[in-house]
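1. sharing a sequence plus its predicted fold:
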Amino acid sequence: MLSRSRKLLTLLPATATALFAVAAFASPASAFSLNPDAASPGIEKVNTFHWITFILIVIAIVAVNLAILRATKRHHRHADAGNSGKGGQLRVGLGLGVVAVALFVTATVFSSQAREVPVGSSQVAGLNDDGRLEIQATGQQWLWRYDYPNATFTYHRLVVPVDTTVALDLVSADVIHGWNVPSLTGKAQAVPGKTNRVYFRADEEGVYSGRASLLSGQGYDSMEAQVDVVSVSEYEAFLEQLKTDIQTAQDSVVKTQEAELEAAAEETPQGEVEPTP
Amino acid sequence: MSSYPTTMPPTRPEIAGGESQDSPGWSRLATSPDHKVISLILISAAFGSAFLAAFELVIVRLQLAVPENVFLNAVTFDRLLSVYGTTAIFLFALPLCIGLLYYVTPLQIGSRGTALPRLGQTGLWMFIIGGFLLYATFLFTPPEAGINPFPPLSQEVFTPNNGVDAWIAATGMITLGLLLLSIDLLVTVRNLRAPGMAWRRAPIFVWSAAIVAWQMVVIVPIFLAALTMLMIDRQLGGSFFTGGAGGAPLLWQHLSFIFFTGAYMGVAVTMLGAISEVVQTFTRRPLPGRETVIGSLAAIATIGTLAWTQNMITAPLGSGWKYYAMVMSISLIVPFGLIFYNLISAVSSSDFQMRAPLRFAMGALSLASIGLAVEVSQSTIAVGSQLQQTYDAWAATHFTLIGFALFGGFAAISYWYPKMTGRMLDEQRAKISFWVMFAGSLIALVPLFGAGVEDQVTDSYRFFADEDVAGFNLVATLGTVVLFIGILLAIGNLIRSREAGAAATPDPWRGESLEWLALSPPEQHNFDVLPDVRSAQPMRDIRESLVRREAGQETPAGESQPVA
């Protein structure tokens, strides 16, 4: 039978053990880096601020729990009458207030910096007047459609050039979807009837992805956003190819329809065919 | 007798008259307007719901134990998750808070009952009907649009079955019932305080009652309005929340989050009030910073509710809204910090007795501190846009709610258990259940912070092996099972001690507020004679006065009087 104080002391090791279990289960690289793949200037700021709050949180939690542990130990009883009066309350309140103001100022600085994504250096065709590439992402159950400036589109996979600031307009065709690519933009809702604009500038080529983050129905688990960052020339070639492919596909659809119409026209007398829209 | 200044309030027939003693027990329970009977039914329902919610959470976690699990399909998972969340908030946390306030407050203010007993009774029955309605959906189709069913997903086009309609009706009945109880509570604490009990002498828990009741009066009608709009959209072809067509899907988020954030803060205010009472009693002295604590409770309720947009950081809102949410959430550090400081330093500087209520109270503060700290960081725009809607946010919310509602709830119930039942709670079993629950909570929730940082999103019925979160989820599932066992042990102890516990005296803890003047359990009319309240510790005055009387001394004027 453990004594009470020793039992209470298990509180701290329990917390510590659980934290270390967490660290051990994650891969060593990611356990101590909160967002290792940050690839856009804004997200790097977010990452730095995340570290600051992480350290503050750990200090706050450890301090409160140590105080609880110390308070519930029977020994070292001491009357801190000086601290519990009006002056003590004021000191603690002011101290907390200073922490709150400092945290708010820091959070504001980092949040506004995270919103600023400077224009990239690349000269891709189709940039808008601000030097940004405007792409519309439409969420629908349960995939994303991307409309590029040259009137082409892709599903599932967004292809963007490296070093180019992308202005991504999130809209929805049905329910609210959670856009989520943590390395580039963080999370943002695509709400029907509204446009939610997020900016990012991928500094390195690669594939970035994330799972949709808002329950959108039965296929929600399979809804994924994937961003392929490629070189400028690859991007332009991809769009050109895409345009040709879409044109070919549309031509073949038109041809098939015309053939069907002609076949129908041969079977029925002239003048009775309904014009197909 | 005539030398004691006592007061008899006017009798009210429904309280003083009592029901016919011939009617069977269940019918007396069902028809009694007595606040103690109503509260005990509410509290029992809340602990029954705690069992149900924990059971549903275990099933949900079993599905998420391993990657790409096929134990449940997507629809079953969504339904269980929606019912779990609704049970935890609407059938456990809120009715437990209102039930505790509704039982204890009239006793603490020295009242013979509540001001509007039939209103309270109506509220109880609306709550019960709402609860049954929610669980009756298991016979047809449970709600499946999430814990907070965002339109347009919850509209008829996308969720055509009747689950969401049942959810609207159930939560509407429950919140309306709790609103009626809150109105009764508010009128009672304002009008029926014993003579001499000015607000400055009212116990902290009475202040909690006034604050939470006001809060419910503000937030519940907003929620009911949102529910009505959603019902019109679903049943009558409305377009309040339709995307395009003049509708505003974000309006639902505003209205529902005002309610959910307010309810969250209401739970915190109630339980911090109860924990303050526990700490005062077991440290044998009033809190030195009593005024600070009361002011902080009011600040938490007000600022916390006004911080509702902290849940909408990812929504397409003007950035002003988001900075506003950040100011509000971060400034909550001050009142929460002051309360934690006062409670912990009161224990630290006293010769306390470590009994079940104090143990649960300290556990509540420990767990809630983790949840609240993480919540503050997630209310900032930078971190929130990364971690909201991941298991990081889920774990933070659960730390706070398990801390306050579950541990705070057990602190309160084990403190007032002798008063409610006339029996003492088994101390040894309470201790075991505390440690099992405490270990279970940590093992169930700490790994989820890791899963959240790895960007595992909530509400999805499965996760994939390439997300690198399998270890976190497996440990969290094991922890949830431990937590479930702990809750079973604690509830089992509550049931068992009703028969097996030692008989309780009216004042087993030597408390300082008036509920300890009544018998355990109190008679139907609570008090035969009411004392004149002359300080914030009326029971201490009465005890001192009794000692003096036994010593044959005169009672000095200006002190609370003993009652025969």
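-> It's in.
2. now the residue in the stretch 151-277 of chain A that chain B sits nearest to. Nearest residue, chain neighbours left out?
-> Taking Cβ to the nearest Cβ, chain B has its nearest neighbour within the stretch 151-277 of chain A at residue A:192, 2.2 Å off. (C-beta placed from N, C-alpha, C; glycine too.) Closest residue to residue A:192 apart from its sequence neighbours, by Cβ to Cβ, 6 or more residues apart in numbering or on different chains: residue B:243 at 2.2 Å.
3. the closest residue to residue A:115 other than its chain neighbours sits in which helix or strand?
-> In space, residue A:115 comes closest to residue A:42 once its chain neighbours are excluded; the distance is 6.6 Å by Cβ to Cβ, 6+ apart. Element membership of residue A:42 [criterion: DSSP states H and E] is helix A:41-72.
4. I'd like to know which elements that helix is packed against.
-> Using 3 or more Cβ pairs under 8 Å, 6 or more residues apart in numbering or on different chains; DSSP states H and E as the contact criterion, the secondary-structure elements in contact with helix A:41-72 are helix A:4-9, helix A:11-25, helix A:86-115, strand A:196-201, helix B:333-348, helix B:356-378, helix B:381-387.
5. let me know the angle separating the host helix or strand of residue B:481 from helix B:356-378.
-> Residue B:481 belongs to helix B:470-500 when elements are defined using DSSP H and E. Helix B:470-500 runs at 150 degrees relative to helix B:356-378, counting by axes from the mean of the first three to the mean of the last three Cα atoms, to 10 degrees.
6. and helix B:470-500, what other elements does it pack with?
-> Using 3+ Cβ pairs under 8 Å, 6+ apart, helix B:470-500 sits against helix A:11-25, helix B:35-63, helix B:409-421, helix B:427-453.
7. need the contact list for the residue of the stretch 151-277 of chain A closest to chain B.
-> Applying Cβ atoms under 8 Å, 6 or more residues apart in numbering or on different chains, we find residue A:192 in contact with A:171, A:172, A:173, A:174, A:175, A:176, B:152, B:242, B:243, B:244, B:249.
8. SS state for the fifth one?
-> This points to residue A:175. With DSSP: H, G, I helix; E, B strand; the rest coil as the basis, residue A:175 sits in coil.
9. tell me the SS of the nearest residue to it once chain neighbours are set aside?
-> Distances taken as Cβ to Cβ, 6+ apart put residue B:153 closest to residue A:175, at 4.1 Å, once the chain neighbours are dropped. Following three-state DSSP, residue B:153 is assigned to coil.
10. and for residue B:153, the neighbour number?
-> For residue B:153, the neighbour count with other Cβ atoms under 10 Å in any protein chain shown is 24.
11. again, but for residue B:484
-> 21.
12. ok, residue B:492 next?
-> 14.
13. where does the stretch 351-500 of chain B dip in pLDDT?
-> For the stretch 351-500 of chain B, no stretch is flagged by pLDDT under 70.
14. from residue B:453, how far off is the residue of it at minimum distance from chain A?
-> Chain A sits closest to residue B:471 of the stretch 351-500 of chain B, with a gap of 3.1 Å, by Cβ to the nearest Cβ. According to Cβ to Cβ, to the nearest Å, residue B:471 stands 13 Å off from residue B:453.
15. settle it for me: which of those two has more neighbours?
-> residue B:453 (25 against 17).
16. the bottom helix or strand of chain A by mean pLDDT?
-> helix A:28-31 (a mean of 38; mean pLDDT, DSSP states H and E).
17. thought residue A:197 was touching residue A:170?
-> Yes: contact criterion Cβ atoms under 8 Å: residue A:197 and residue A:170 qualify, at 7.4 Å.
18. between the two, who's got more neighbours?
-> residue A:170 (23 against 13).
19. does that one count as helix, strand or coil?
-> Under three-state DSSP, residue A:170 comes out as strand.
20. what pairs with it across the strands?
-> residue A:137, residue A:196 (DSSP bridges).
21. so what's it up against?
-> Here residue A:170 is in contact with A:137, A:139, A:179, A:188, A:189, A:190, A:195, A:196, A:197, A:198, B:316 (Cβ under 8 Å, 6+ apart).
22. PyMOL command to pick out the buried ones of those residues?
-> Command for PyMOL that selects the buried part of those, burial taken from 16 or more other Cβ atoms under 10 Å in any protein chain shown:
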select buried, (chain A and resi 137+139+179+188+189+190+196+198) or (chain B and resi 316)
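23. ok, the contacts of residue A:170 vs residue B:256, which is closest?
-> residue A:189 (14.5 Å; Cβ to Cβ).
24. doesn't that closest one belong to a strand?
-> Yes: assignment of residue A:189 by three-state DSSP places it within a strand.
25. which residues touch it?
-> A:170, A:176, A:177, A:178, A:179, A:196, A:214, B:314, B:315, B:316 are the contacts of residue A:189 under Cβ under 8 Å, 6+ apart.
26. how about residue B:276?
-> So residue B:276 contacts B:204, B:205, B:287, B:293, B:339, B:342, B:343 (Cβ under 8 Å, 6+ apart).
27. ok, the helix or strand where the fourth one lies near chain A or not?
-> Okay, so that is residue B:293. Per DSSP H and E: residue B:293 is located in helix B:290-306. Yes: judged by Cβ under 8 Å from any Cβ of the partner chain, helix B:290-306 and chain A are in contact via residue B:292.
28. and the next helix or strand past that helix?
-> According to DSSP H and E, the helix or strand after helix B:290-306 is helix B:319-331.
29. buried residues in that following helix?
-> Those would be B:321, B:322, B:323, B:324, B:325, B:326, B:327, B:328, B:329, B:330, B:331, for helix B:319-331 by 16+ other Cβ under 10 Å.
30. what pLDDT is listed against the residue nearest to the spatial centre of chain B?
-> Centroid-nearest residue in chain B: residue B:97, 3.4 Å away (criterion: Cα atoms, centre = their mean). Looking at residue B:97, its pLDDT reads 97.
31. same deal with residue B:230?
-> pLDDT, residue B:230: 96.
32. now it: which helix or strand?
-> helix B:204-235.
33. is that helix anywhere near chain A?
-> No: on the criterion Cβ under 8 Å from any Cβ, helix B:204-235 is out of touch with chain A, staying 13.3 Å away.
34. quick one on the thing from earlier: state the phi and psi torsions of the residue nearest to residue A:192.
-> Phi and psi for residue B:243, reported as degrees, to the nearest 10, are phi -70, psi 130.
35. who's in contact with the residue in chain B positioned nearest to chain A?
-> Among the residues of chain B, residue B:243 lies closest to chain A, at 2.2 Å counting by Cβ to the nearest Cβ. Going by Cβ under 8 Å, 6+ apart, residue B:243 touches A:172, A:174, A:175, A:191, A:192, A:193, B:152, B:249.
36. residue A:152 reaches residue A:241, doesn't it?
-> No: between residue A:152 and residue A:241 there is no contact under Cβ under 8 Å: 9.5 Å.
37. of these two, who's got more company?
-> Under the criterion of other Cβ under 10 Å, the comparison of residue A:152 against residue A:241 puts residue A:152 first, with 18 against 11.
38. please report phi then psi for the more buried one.
-> Given degrees, to the nearest 10, the pair of backbone angles that residue A:152 has is phi -100, psi 170.
39. what parts of the stretch 101-250 of chain A come near chain B?
-> Checking the stretch 101-250 of chain A against chain B by Cβ under 8 Å from any Cβ, the hits are A:103-104, A:107-108, A:110-111, A:114-115, A:141, A:170, A:172, A:174-176, A:178, A:180, A:182, A:186-189, A:191-196, A:210-221.
40. so where's the stretch 51-200 of chain A uncertain?
-> A:74-85.
41. chain B too?
-> Checking chain B against pLDDT under 70 turns up B:1-22, B:553-564.
42. residue ranges of each domain in it, please.
-> Following automatic domain parsing, one gets these domains for chain B: B:30-530, B:531-564.
43. let me know which of the ones you listed is tucked in deepest.
-> When those are scored by mean count of other Cβ atoms under 10 Å in any protein chain shown, the highest mean neighbour count falls to domain B:30-530 (a mean of 22).
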